[in-house]
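Trainee: I need the structure of the sequence given here:
(2 chains)
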Amino acid sequence: DTAVSQTPKYLVTQMGNDKSIKCEQNLGHDTMYWYKQDSKKFLKIMFSYNNKELIINETVPNRFSPKSPDKAHLNLHINSLELGDSAVYFCASSPPAGVRSPLHFGNGTRLTVT
Amino acid sequence: GIQVEQSPPDLILQEGANSTLRCNFSDSVNNLQWFHQNPWGQLINLFYIPSGTKQNGRLSATTVATERYSLLYISSSQTTDSGVYFCAVRPPRAAGNKLTFGGGTRVLVKP
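Mentor: Next up is the predicted model:
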């Protein structure tokens, strides 16, 4: 019944590795997002996709590459992981821009790079 | 871009106390949400409130869009109310529907 689900919940890996986080929503929304929460709890948008098309890329390093195979899925692939990538990553979804409706967030993926 | 400021940054309450959290924003908005991030890290949707007043149990929220602020009221606080409360907004012209978050108010309710 989970509206926005992301896997894995925890991810511990070493510097230099490549990892992916998956996100799926069953709300029928057209727009999906990735947000990053840093160690000071500050939440900032990274990417937004509308119906599989990238519409926001907030000066995120090229090592981060989102992939949207269909409008219900938005995965995040990270190459050559660095210590500074340690954070909690949240996926979210919403109806299209212009529709007054809340964003719905997944439960987050805590990434720890050692 | 739009600026979102929340106050106070930290709040310590005795169980049973009432409190008010504030969110100021620098531009008009067509989306404003309040979230509670619980100690397990989950972001719980509390209110979708671009204007007006809503109540849900012991929590209520009021947004005065013309004056660019929103208030979250917690009444008869319980230890389960502990966590971080975020306000997030979206201006009408925001690309891609993105929400901009405030820095949060960290609440600790003591038994």
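
Trainee: Quick one: name the residues of chain B near chain A.
Mentor: By the rule C-beta under 8 Å from any C-beta of the partner chain, the part of chain B lying against chain A is B:30-31, B:33, B:35, B:37, B:41-43, B:45, B:48, B:50, B:84, B:86, B:88, B:94-101, B:103-104, B:106. C-beta: built from backbone N, CA, C; applies to glycine.

Trainee: Mind giving me the ChimeraX select for those, buried ones only?
Mentor: Buried residues among the residues of chain B next to chain A (16 or more other C-beta atoms under 10 Å in any protein chain shown), as a ChimeraX selection:
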select /B:30,31,33,35,37,41,43,50,84,86,88,94,96,97,98,99,100,101,103,104,106
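
Trainee: Just the residues of chain B next to chain A: which are in strands?
Mentor: Applying DSSP state E to these, the entries found in strands are B:31, B:33, B:35, B:37, B:43, B:45, B:48, B:84, B:86, B:88, B:100-101, B:106.

Trainee: of all the residues you listed, which comes closest to B:Glu15?
Mentor: Nearest to B:Glu15, judged by C-beta to C-beta, of these is B:Arg106 at 16.8 Å.

Trainee: The closest one pairs with what?
Mentor: On the basis of DSSP bridges, B:Arg106 is bridged to B:Asp10, B:Val84.

Trainee: residues contacting it?
Mentor: If you count contacts by C-beta atoms under 8 Å, 6 or more residues apart in numbering or on different chains, B:Arg106 has them with A:Lys41, B:Pro9, B:Asp10, B:Leu11, B:Gly83, B:Val84.

Trainee: measure it to A:Tyr33 for me?
Mentor: The gap separating B:Arg106 from A:Tyr33 is 24 Å, by C-beta to C-beta, to the nearest Å.

Trainee: Next: A:His77.
Mentor: A:His77 sits 16 Å away from A:Tyr33 when distances are taken as C-beta to C-beta.

Trainee: neighbour-wise, which of those two wins?
Mentor: Taking other C-beta atoms under 10 Å in any protein chain shown, A:His77 and A:Tyr33 do not tie; A:Tyr33 has more neighbours (26 against 14).

Trainee: State the helix or strand in which the more buried one lies.
Mentor: Here A:Tyr33, judged by DSSP states H and E, is contained in strand A:31-37.

Trainee: What helices and strands are in contact with that strand?
Mentor: strand A:19-25, strand A:43-50, strand A:73-78, strand A:87-94 (3 or more C-beta pairs under 8 Å, 6 or more residues apart in numbering or on different chains; DSSP states H and E).

Trainee: could you dump it to CSV, C-alpha only?
Mentor: These are the backbone C-alpha positions of strand A:31-37, laid out as CSV (Å, rounded to 0.1, in the frame of the first residue of the first chain):
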residue,chain,number,x,y,z
THR,A,31,6.3,14.1,-11.5
MET,A,32,9.0,12.6,-9.4
TYR,A,33,11.9,14.1,-7.5
TRP,A,34,15.1,13.3,-5.6
TYR,A,35,15.9,15.4,-2.5
LYS,A,36,19.1,15.2,-0.4
GLN,A,37,19.2,15.8,3.3
